[in-house]
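**Student:** Turn this into a model:
(chains A and B)
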Number of protein chains: 2
Amino acid sequence: MAEPSNADMRTDATTSIVGYRLRRAQLRVFQKFLAVFEALKLRPAEYSVLVLIDDNPGRKQTEIAEVLGIKRANFVTLVHGLEERGLVERIPSLEDKRANALHLTTAGQRFLADAQARHAALEAEIVDRLGGTEARAQLLALLDRLI
Amino acid sequence: MAEPSNADMRTDATTSIVGYRLRRAQLRVFQKFLAVFEALKLRPAEYSVLVLIDDNPGRKQTEIAEVLGIKRANFVTLVHGLEERGLVERIPSLEDKRANALHLTTAGQRFLADAQARHAALEAEIVDRLGGTEARAQLLALLDRLI
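**Tutor:** The predicted model follows:
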C-alpha cells in the first residue's frame, strides 16, 4: 500500500484556525520583507520605527514605543542600534529634561527614502497577490478589528 | 507648550503597512490564545500539531512538519515535548522502517478534546470581533492569497 501523499491530508481543522493562518501569512510577508531589506540590514520593526520618527520628529521614546506596541527594553535596544548606525539621534527634550526626543539624522532621512522605495515595490507585489487595492483595504480593515 | 498626545501622532504610513498590521493582529490573537491555553501549558504550534495528528493518525513526522511549515529541527523538539507529556507516541512505520508514524495516545485524545473546547470559545470571540462568520471567511481567504 502506497503511503498517501500530503495532498490527501486532512488539514482543514488546522488551517482554518484564524491565529494559524495569520501566523503563516505574517511569516510569509516578513520573509519577503527580510529578503528585500537584507541589503540594508533593516528589520521590519526598525523600518516601522524609522517611518514613525520621520512622520513625527521630536517625539519621546516612550511615545514611539507605545504606538508600535514595542516593550520599553526592546525599544531602547532597537533605537540604540539605529543610533550607532548614525540614522537616529536622541536630543534632550525641551519640555522634559529627563526625556529624549527622537529625530532622524540627514543620513537617516536618505536611508529611509531608499528603504521606502524598496518597500513600495514590496507592497505593490502584496496588492497584486491580494487581488487589488480594494482587497488590501478590506484586509487592513479586518485586521484592525482584531487589534 | 504642551507636548502633543499620541492621538495627534501621524501613524498612517506605519499602520497601513500590510506586514505591520498582520504582525500586530497575529500577536494579539496569540496573546489571547496563550492566556486561554496557559492552564494546559500548550503553545499555538503544539496545538496545531495535535489537531493535525488527530485528523491524520499514522503520518510521518516529516509530513506533519511540512504541512505546518515547521523546520525539521524545531519539529523534532516540539514532538519530543508532546511525547514526554504522554500525549503523542511515535510508532515505527510499516512502510518505512526508518520513519516514525505519529499517533495521539488515549490521554492525548482526551487532552485535545479539552483544548478544542477552549479553542472553540476563543474562535467564537474572534468571529464576534470580526463581525460575523462571513467576515471570518473573507479574512481567511485574503490571508490564503498571501500564503
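**Student:** So for the strand or helix carrying residue A:77, mean pLDDT?
**Tutor:** According to DSSP states H and E, residue A:77 maps onto helix A:72-84. The pLDDT scores in helix A:72-84 average 94.
**Student:** just checking, next helix/strand downstream of it?
**Tutor:** Going down the chain from helix A:72-84, the next helix or strand is strand A:88-92, by DSSP H and E.
**Student:** Residues touching that following strand, excluding its own?
**Tutor:** With contacts defined as C-beta atoms under 8 Å, 6 or more residues apart in numbering or on different chains, strand A:88-92 is touched by A:49-50, A:53, A:58, A:61, A:79, A:82-83, A:99-105, A:108. For the C-beta atoms, the positions are set from N, CA and C on the backbone; glycine is no exception.
**Student:** Separate out the buried members of the residues you listed.
**Tutor:** For these, a neighbour count by 16 or more other C-beta atoms under 10 Å in any protein chain shown gives the buried set as A:49-50, A:53, A:61, A:79, A:82, A:99-104, A:108.
**Student:** Just those: which are in helices?
**Tutor:** Taking DSSP state H, the ones among the buried ones among the contacts of strand A:88-92 that sit in helices are A:49, A:50, A:53, A:61, A:79, A:82, A:108.
**Student:** quick one on the thing from earlier: can the buried ones among the contacts of strand A:88-92 go into CSV with extra columns for distance to chain B?
**Tutor:** Output for the buried ones among the contacts of strand A:88-92, formatted as CSV (distance: C-beta to the nearest C-beta, whole Å):
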residue, distance to chain B
A:49, 9
A:50, 10
A:53, 10
A:61, 13
A:79, 15
A:82, 15
A:99, 9
A:100, 13
A:101, 9
A:102, 12
A:103, 15
A:104, 13
A:108, 15
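**Student:** so which one among those has the lowest pLDDT?
**Tutor:** Lowest pLDDT within the buried ones among the contacts of strand A:88-92 is found at residue A:99 (78).
**Student:** Now do the buried residues in the helix holding residue A:77.
**Tutor:** By neighbour count on 16+ other C-beta under 10 Å, the buried set for helix A:72-84 is A:75, A:78, A:79, A:82.
**Student:** Would you mind confirming that residue A:143 makes contact with residue B:28?
**Tutor:** No - using C-beta atoms under 8 Å, residue A:143 is not in contact with residue B:28, being 9.3 Å away.
**Student:** Between those two, which is the more surrounded one?
**Tutor:** More crowded of residue A:143 and residue B:28, by other C-beta atoms under 10 Å in any protein chain shown: residue A:143, with 26 against 18.
**Student:** dump the residue contacts of the more buried one.
**Tutor:** Contacts for residue A:143 (C-beta under 8 Å, 6+ apart) come out as B:21, B:22, B:24, B:25, B:139.
**Student:** Between which two of those residues is the distance greatest?
**Tutor:** Maximum pairwise distance among the contacts of residue A:143 (C-beta to C-beta): 14.3 Å, between B:24 and B:139.
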